[in-house]
Each structure stands twice: as structure tokens, then as C-alpha cells.
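>>> Sequence and predicted structure, then a few things I'm wondering about:
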Amino acid sequence: MVEETLDLAPLQDVLEEYKQQPGAIIPVLQKAQAIYGWLPPEVLDAVARGMHVPVSRVYGVATFYSQFYLERRGRHTFRQCDGTACHVRGAASIIEAVEKRLGIQAGETTPDYRVTFEVVYCLGSCGLAPVAMVDDQVVGHLVPSKALEILDNLE
């Protein structure tokens, strides 16, 4: 896979917006992640420089909160719930089928960065169990074949 050159220009606009707010690391990281999809080392370094704080402080914030990703993510995210209601209604077979189809384990991203697959333990939609969230859409009453069809239709 070819390494991409990161365009930090959009990040400079964010840093400019927050330059008068020295404690605004979290919103800066949130906006940076919205731009890049994750927080690569170059972005963490640029945030530290732009906010005049040590990179260790920026890294500390980024690793403390689970909303931040330090590894590149897929263009699509498939989150399969394995909470109690989903588990008793067959989530394990969906997880197994998705892992096999994608050739990765839960918590990983496909080598082509098409899909990141995660297992979560509640999506708050127990009445639809088993349920998954595909990108920002909740999909309920899943069975393995329906989950694989959804995966196959992701671009």
C-alpha cells in the first residue's frame, strides 16, 4: 500500500479557530479526527505545536478518551452488538460470519481500509436484537446472511 502525504492545511484552520483557547485540546482533536478519520502522529504533533503544549499532553488526551482513534480506520464501520439481548439472539454467529467474510478479527480494519469491524456491548436497541450499527445506521433483526449482504453492498 502506498503511503499518503497528509495535508495539514485543514488542521491549521482548526488551530487558528482555537488559538485563544489554550485548554481546548479535546475539541481540536475532535475536529482533527473529523477531517482525517483518525489521529495520525503528524496530526498529534501539529496540534501540540499549534496549541503550544507538549506532544505528550496531546497524546495523553487522545489515548484517555475512547472516541479518539490512533490507527487508521476503514471508510465504513460495522459495529456488531454482543450485549445480553443480542448475544442470546445469535450475535456470535454474526460476528463469526463477518470476521470470516472480511478476513479480519473484531477490532481490526481490512487491509484496503474499506471496513473497520468492532464488537460493542450495547447499542441501546435491545428490542431489535441482534442489532448492528453500520456507519451511522442502526440495523436490527440481523442474521448472518443479512449482515454479509450489507457488507457486500458497502462501497
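Arrived safely. This one's a predicted model, so the numbers in the text were calculated from it and none came from an experiment.
>>> Only C-alpha atoms from now on, for both contacts and neighbour counts.
Will do.
>>> Centre-most residue in the protein?
residue 73 (5.7 Å; C-alpha atoms, centre = their mean).
>>> In contact with that residue, which residues?
37, 38, 109, 113, 115, 116 (C-alpha atoms under 8 Å, 6 or more residues apart in numbering).
>>> now the last one, nearest residue through space, not along the chain?
Think residue 116. Of all residues not flanking residue 116 in the chain, residue 109 sits nearest, at 4.1 Å (C-alpha to C-alpha, 6 or more residues apart in numbering).
>>> correct me, but that neighbour touches residue 103?
No - with contacts counted by C-alpha atoms under 8 Å, residue 109 stays clear of residue 103, the gap being 9.5 Å.
>>> a helix runs through residue 47, doesn't it?
Yes - assessed with DSSP: H, G, I helix; E, B strand; the rest coil, residue 47 lies in a helix.
>>> I'd like the distance between it and residue 74.
To residue 74, residue 47 is 23 Å away according to C-alpha to C-alpha, to the nearest Å.
>>> and the two? which has more neighbours close in?
More crowded of residue 47 and residue 74, by other C-alpha atoms under 10 Å: residue 47, with 24 against 19.
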